[in-house]
Structure formats: C-alpha cells, structure tokens
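**Q** following is a predicted model, sequence given first.
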Amino acid sequence: MAAGDAGMTGDGTGTVVVLGATGWIGRHVLAAHARTGRPAVAVAREPAPHLGGHPFHRLDLAEAGPEEMARLLEAHDARVVVNATDAANSRDGWHRPESELEKGNVGAVATLVDAVEAVERPPRLVHLGTLHEYGPVPDGTAVHEDTPPRPANAYARTKRAGSDTVVRAAREGRVDAVVLRVANVCGPHPSPASFPGVLLERFRRAVAGERVSLRVTGDRRDFVDVRDVARAVVLAGDRPGVSGRILNVGGGRAVGIGEMVAWLRRTSGVDPDRVQEVLEPVAGMGGGWMLADIAAAGRLLGWRPVVPVSDSLHDMWYA
C-alpha cells in the first residue's frame, strides 16, 4: 500500500513500536514516548530491566521476515515504528565483518520497509542513521543534508545503504518514512564500547582507587545528548511534510575530546593522579572532525538540542 505521510497521525495518538528498545538510544526513545502518554511497545532480541513495564515483544529484526514484522505492527495497530537497531552494538561488538554489518544495517532495514508497506494502515517509519554516513570532511565544515556522502568504512557504508533504502522507498511512495542522521551520542546509560561509555568506566575505576590510563586525541566531534535525540524521534513521528527527508540531529558544536575528559574530571571529583591521559590517535567510525548542520531539523521538526555536553556528562555520571 502506498503511503505519503499516510501513517502520520498529527495528534500524537496511537501505538509506537520501538525496535532496538533495549539499546542506549532505544531505551530513551521508549521513555520519551511514555512521557507523552502515548502507548509504546518495546521490541528487541532480549528483555532488559529498564523496560519499565512497557509491553515487550521478542524479535531479531536481522532474522525476521517481512511477514512476521508486518504481523507485529498490525497486532499493535502501530502508528509509528522507530528503527533504533544497529548492527554495531554492545552485544554484538563494534568491529564486525562487513557481511554481518550488511545483514543488520541493510538487509534488516529492507525487511522493515517491506513490512511497513504491507500493513493495511501503514505507520510512519522513523529510521535512525548516523552522521558517519557523510564520511570525513575538512575541519570547520558543518555537514548539511545535501553534503555528498563518502562513507569511509564498512560500518558507515552499510548505515548509508540502510538510510538510502528508507529514503528511496519513501520517495517512491511505498512508505511514509523519515531518516534522522544522528551525531555522536552522550548522556545517561551509554553503551559500554562508546567513547562516553569508556570514559565512564575508566573514571569509575579511578574513583574506586585504581590508576587508569585514557587515550585522548585532538579530535573535535559533534556530541548530542541521548534525550535530545529521543525528543527528535518523537517529533519526527508526527510532523507532516517530512516523508522522504533526511534530517541531521546533532549538538550544534564540535567538542574537543580533551574538553569532555576535563568535564568528567570535574564532575567525578577524581584524584588528578588517578587518570593518566595519553595523547595518541583513537580508532573511530569517522574522521577527526564532525559537526552537523541542524537547521533543517529546527525548521521542519521544531527541534533543537537543549542539553549542553557538560550537563549530559554530569547526568551520565550520576545516572
């Protein structure tokens, strides 16, 4: 069934199905919808303690077929479905073979698009991509949605392919869908292998009395609080006129990695001798500079980031 903003309700009613609901972003998306009073269903491979009483459905999107996914959406009368899954995650690991990344970031997305198209009353699909899809850009450059993507590694290539699948289907009128390209995330309950998650783990060990080392680079990257991301997802589920669009979601400035370390030092109150900073390159998903142009999200969603990185790290520490 073709859809062009057809699944959008406009009044914030109806059920939201959150795929990847137990992940870092997914749990906050679930909570953000709960705060609106909108019923939400959590979908993931395994349940987690933080689901907070939301209905849970066990499903691995990378293994499911479109018929199974469509039945799930029909059963819950989904008006919005959020794809917060990612083939690179804390359970499966960040460094996976390209074939596995293809399966989770491309094949699973195609399955979801087919499922949404097959539903009698199709929901809006909000798909979470990544700013890494653009690839490295010169220092000082803010990537705009029209910036030609030049992904630099298998992860970014497969994420771009998944986003392209969603946008193409929406522009062909097959589904009502929007893609949010999300910058580096920070904030409460980080994934352990993410940079904020590594920072948190090292500083907790240091506060407990260990001496730890931390690799620090001169990189500057766009970090956005996970709760700001969740707000953007809620807005993207209901705003008219955004089907077929890609919208950047970022924090609005490039933050030095050293700044983040300094903020967490102050927040944690750790003994300065307990954390040794080692200046050397750190492997990442993209280049040493990242900044999103977020004007389109402001214009079309009425969204802007409101949590400064310093507050985000503070809340991460005390969560």
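**A** Looks like it arrived, so ask away.
**Q** now the helices for the stretch 51-200 of the chain?
**A** 66-75, 98-102, 108-118, 154-171, 195-207 (DSSP state H, counting those that start in this stretch).
**Q** taking helix 195-207 as reference, get the angle to the helix or strand hosting residue 235.
**A** Assigned by DSSP states H and E, residue 235 belongs to helix 226-236. If you take axes from the mean of the first three to the mean of the last three C-alpha atoms, to 10 degrees, helix 226-236 sits at 150 degrees to helix 195-207.
**Q** show me what helix 226-236 is packed against.
**A** The contact analysis (3 or more C-beta pairs under 8 Å, 6 or more residues apart in numbering; DSSP states H and E) places helix 226-236 against helix 24-35, strand 124-130, strand 176-182, strand 184-186, strand 246-249, helix 295-301. All C-beta spots, glycine's among them, are computed from the backbone N, C-alpha and C.
**Q** want to throw these into CSV with mean neighbour count and mean pLDDT?
**A** Shown next, in CSV, are these (neighbours: other C-beta atoms under 10 Å; pLDDT from 0 to 100):
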stretch, mean neighbour count, mean pLDDT
helix 24-35, 23, 95
strand 124-130, 27, 98
strand 176-182, 27, 98
strand 184-186, 25, 97
strand 246-249, 25, 98
helix 295-301, 17, 98
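**Q** with distance to residue 159 added, can I get these in a markdown table?
**A** As requested, the helices and strands packed on helix 226-236 are arranged in a markdown table below (distance: least, C-beta to C-beta, whole Å):
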| stretch | distance to residue 159 |
| --- | --- |
| helix 24-35 | 14 |
| strand 124-130 | 5 |
| strand 176-182 | 9 |
| strand 184-186 | 14 |
| strand 246-249 | 12 |
| helix 295-301 | 18 |
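**Q** and of the ones you listed, who's closest to residue 267?
**A** strand 184-186 (12.3 Å; C-beta to C-beta).
**Q** now what about the closest one, what contacts it?
**A** 24-25, 131, 194-196, 221-226, 229, 260, 290, 309, 312-313, 316 (C-beta atoms under 8 Å, 6 or more residues apart in numbering).
**Q** ok, 7 Å please
**A** Here strand 184-186 makes contact (C-beta atoms under 7 Å, 6 or more residues apart in numbering) with 24-25, 196, 221-226, 229, 290, 309, 312-313, 316.
**Q** what of stretch 105-125?
**A** 1, 3, 6-8, 61-62, 64-66, 69-70, 73-74, 78-81, 83, 85, 87, 127, 158-159, 161-162, 165-166, 169, 174-177, 237.
**Q** quick check: chain neighbours aside, which residue is closest to residue 317?
**A** Excluding its sequence neighbours, the residue lying closest to residue 317 (C-beta to C-beta, 6 or more residues apart in numbering) is residue 267, at 4.9 Å.
**Q** what's the burial count for the one you found?
**A** 17 (other C-beta atoms under 10 Å).
**Q** quick one, which of the contacts of stretch 105-125 are buried?
**A** The neighbour count (16 or more other C-beta atoms under 10 Å) marks 3, 7-8, 61-62, 64, 66, 69-70, 73, 78-81, 83, 85, 87, 127, 158-159, 161-162, 165-166, 169, 174-177, 237 as buried among those.
**Q** packing partners of the strand or helix carrying the residue nearest to residue 317?
**A** Assigned by DSSP H and E, residue 267 belongs to helix 257-268. Packing contacts for helix 257-268, counted by 3 or more C-beta pairs under 7 Å, 6 or more residues apart in numbering; DSSP states H and E, involve helix 195-207, strand 212-216, helix 309-318.
**Q** ok, back up a step: in the contacts of strand 184-186, find the pair that's most separated.
**A** 290 and 316 (19.3 Å).
**Q** so where's this protein uncertain?
**A** 1-13, 89-94, 280-286 (pLDDT under 70).
**Q** now do 80
**A** Scanning the chain for pLDDT under 80 picks out the ranges 1-13, 52, 89-96, 279-287.
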